[in-house]
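Chemist: Predicted model follows, preceded by the sequence.
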Amino acid sequence: MNAIIRSIGIYTPQRMIDNAYFEKIVDTTDEWIRTRTGIVQRFYADENEYTSDLCIQAVKNLSEKYHTDLKTIDFIIVATSTPDQAFPNTASRIQAAFEIPHAGCLDISGACAGFVYGIILAKGLIAANSHKKILVIGAETLSKITDFTDRTSCILFGDGAGAVIVEASEENYVFDSLSETDGSLGKELYISSQGALINGIEVIADNKLHQNGRAVFKWAVTTLVKKIRELADKNHFKLDDIDWFIPHSANIRILEAICEGLDIPMERCLESIRNYGNTSAASIPLAWYSGIQSGKVKMNDKLLLIGFGGGLTFAGICLQNKIETVNK
Ligand code: ACO
């Protein structure tokens, strides 16, 4: 069975946080944040607003824009590192909110690669002929797990959600994927709520995000330049055949270094880092959506999506865009 993606929706919370906010709580400046990360602003959920609330708004946006019948969805995947609870999973809340009668529900933990992992799994379920219409959401409320005393990380993160529907189709528009992990680097980026020593590795068990920014930066750039070429080759595409690259928006300098390594102009890269910060599993759909709704990404354009993060892991996939621009 072949797959197609024809609809997308997003949501970000109302509360905008500019860089000046951090000048008041840690030793930093707007200038440092803009030049070292590219971030201008991000949005934070309210205290009583959770990842599932953001998902529900993103799915409403998708169904209003693309007039999608949500009742026939037969599986829901939510990629998130910030679920409302360990269980019930976040996907179940979406099932309940839209009263979807026959849907399997699963949250997946793939950090910033989670959304692409979700698409890969959805395509697999369709290829196995067991499901036909799968809602895939990448969503985070990272503000709830941010350590606001750590200037190297607190400035980076934002909250948001993005949703697509992967459907069975006669022709195939969701192509080959690539995913790998180096678990030995797991200690460089983690959130722990238990233990001080896990598998012999010391962790801070405060339920906050901890990272070695430099190590993640270096791994991301060196790995992705190689792996994007490998993914394009696997799909029999030259880099020039790909209209838009949508890597996870972790830091504008990571995206610039990837483009430089691939010798492609930064103008062919879609990002969500400037306006939303690093939104982990939500960053790729946020960038894709703005590309579509601004009219940059056209029908039938070829896309390469690649997420990377905690694991350390990455997941990439090539697609042909079948989502229309809807200007309302
Ligand atoms: N304001 C001012 N100075 C700062 C700040 C800040 N907010 N943060 C760090 N600095 C200082 C450092 O202390 C250091 O000072 P020193 O030279 O006196 O020691 C200097 O700036 C340079 O520090 P670096 O760590 O080398 O800064 P870098 O340019 O690498 O930027 C950053 C740090 C932004 C964290 C970068 O490494 C990065 O983006 N890494 C990747 C992060 C990432 O992709 N994480 C994925 C996680 S997302 C997820 O999985 C949810």
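Modeler: Received, thanks. Bear in mind the structure is a predicted one, so any value in this text is a computation, not a measurement. Residues are numbered from 1 along each chain as shown.
Chemist: burial count for the closest residue to the ligand within the stretch 101-250 of the chain?
Modeler: Proximity to the ligand, evaluated over the stretch 101-250 of the chain using C-beta to the nearest ligand atom, is greatest for G213 at 2.7 Å. To be clear about C-beta, it is placed using only N, CA and C from the backbone, and glycine gets the same treatment. If you count neighbours by other C-beta atoms under 10 Å, G213 ends up with 16.
Chemist: Could I get the phi/psi values of the nearest residue in space to it that is not next to it in sequence?
Modeler: In space, and not counting its chain neighbours, G213 is closest to T152: 5.6 Å by C-beta to C-beta, 6 or more residues apart in numbering. Per-residue torsions, T152: phi -80, psi -20 (degrees, to the nearest 10).
Chemist: Quick one: name the residues of the chain near the ligand.
Modeler: Within reach of the ligand by C-beta under 6 Å from any ligand atom, the chain has these residues: 28, 32, 36-37, 81, 111-112, 151-152, 155, 189, 209, 211, 213-214, 216-217, 220, 250-251, 278, 280, 309-310.
Chemist: Could you turn the buried ones of those into a ChimeraX selection?
Modeler: For the buried members of the residues of the chain next to the ligand, the matching ChimeraX selection, counting by 16 or more other C-beta atoms under 10 Å, is:
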select :28,36,37,81,111,112,155,189,209,211,213,216,217,220,250,251,278,280,309,310
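Chemist: The residues of the chain next to the ligand in helices, which ones?
Modeler: W32, R36, T37, R151, T152, G213, R214, V216, F217, A220 (DSSP state H).
Chemist: where does the closest residue to the fourth one other than its chain neighbours land on pLDDT?
Modeler: Here the nearest residue to R151 in space, its sequence neighbours aside, is V26; by C-beta to C-beta, 6+ apart that works out to 3.9 Å. Per-residue confidence at V26 stands at 97 (pLDDT).
Chemist: so V26 touches T152, yeah?
Modeler: No - look at V26 against T152 with C-beta atoms under 8 Å: they stay out of range, at 9.1 Å.
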